[in-house]
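1. sequence first, predicted model second:
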Amino acid sequence: MTKKSEILRREDIYEYNELEKIIDIGTIPFMNLTKVCIDFILNEFLTKDTMQKLNIDDKTKIKARHYMLQAKAYFSEKTITKETLKEERISCWEAHDKCGYESTQRKLLRLIVCFLYDEESTAEEAKHAQDDELSIIFNCLYELGSGYCKQLRLYLQKNLIQ
């Protein structure tokens, strides 16, 4: 098997490519994509069963849920400011940095921090924002374990195709 075929078989890349066969990610408004991904993390991923399977400690579970609720408050509900979101992002990175280097807690917080960014981007960066965001999310899920990328793809297919 060639190196390229090995890479394309990685779950994150495979599931992203499968999604792109059905949905042109670049045509989905960035905010819509972000909101649907936040809902996936809150309602489908941060479940008791998944957290037990990943052996995530209670403290990290509580932090992850808090940060995701803050992301939802910013992107969906508009109830917190950009400055508050930035403070939450810094706090999440600090919690991330305190975790063991290869720990699932660290990997989970790396996924969560993706949703705590709302920085201004250049026009060129904005053209690829959806692809970049989704690629990172798929990669973070891949790092956490098998099956999560497929779960996200199916959720996106169901909730982005109206």
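-> Cool, the structure landed.

2. distance of the residue most central in space within the chain relative to T79?
-> In the chain, the residue lying closest to the centroid (Cα atoms, centre = their mean) is I137, at 3.7 Å. Going from I137 to T79 by Cβ to Cβ, to the nearest Å gives 23 Å. No exception for glycine: its C-beta is placed from N, CA and C like everyone else's.

3. circling back to that earlier point, packing partners of the host helix or strand of the residue nearest to the centre of the chain?
-> According to DSSP states H and E, I137 maps onto helix 129-144. With contacts taken as 3 or more Cβ pairs under 8 Å, 6 or more residues apart in numbering; DSSP states H and E, helix 129-144 sits against helix 11-22, helix 30-40, helix 104-113, helix 148-160.

4. just name the most buried of those helices.
-> helix 104-113 (a mean of 22; mean count of other Cβ atoms under 10 Å).

5. by contact count, what packs against it?
-> On a contact count with 3+ Cβ pairs under 8 Å, 6+ apart, helix 104-113 meets helix 58-75, helix 82-98, helix 129-144.

6. could I get the average pLDDT for it?
-> Averaged across helix 104-113, pLDDT comes to 98.

7. what lies in contact with it?
-> 41, 54-57, 60, 63-64, 67-68, 89, 92-93, 95-96, 99-100, 137, 140-141, 143-144 (Cβ atoms under 8 Å, 6 or more residues apart in numbering).

8. quick check, S135 in contact with L19.
-> No. At 10.8 Å, S135 and L19 do not qualify as touching, with contact defined as Cβ atoms under 8 Å.

9. the closest residue to G26 other than its chain neighbours - how many residues pack around it?
-> For G26, ignoring the flanking residues on the chain, the nearest one in space by Cβ to Cβ, 6 or more residues apart in numbering is Q130 at 5.9 Å. Q130 has 19 neighbours, counted by other Cβ atoms under 10 Å.

10. and Q130, how close does it get to T50?
-> Q130 is 25 Å from T50, by Cβ to Cβ.

11. repeat for Y101
-> Relative to T50, Y101 is positioned 22 Å away (Cβ to Cβ).

12. okay, these two: which has more neighbours?
-> Shown here are Y101 and T50; by other Cβ under 10 Å, T50 has more neighbours (18 against 6).

13. before I go, just wanted to say thanks for your time.
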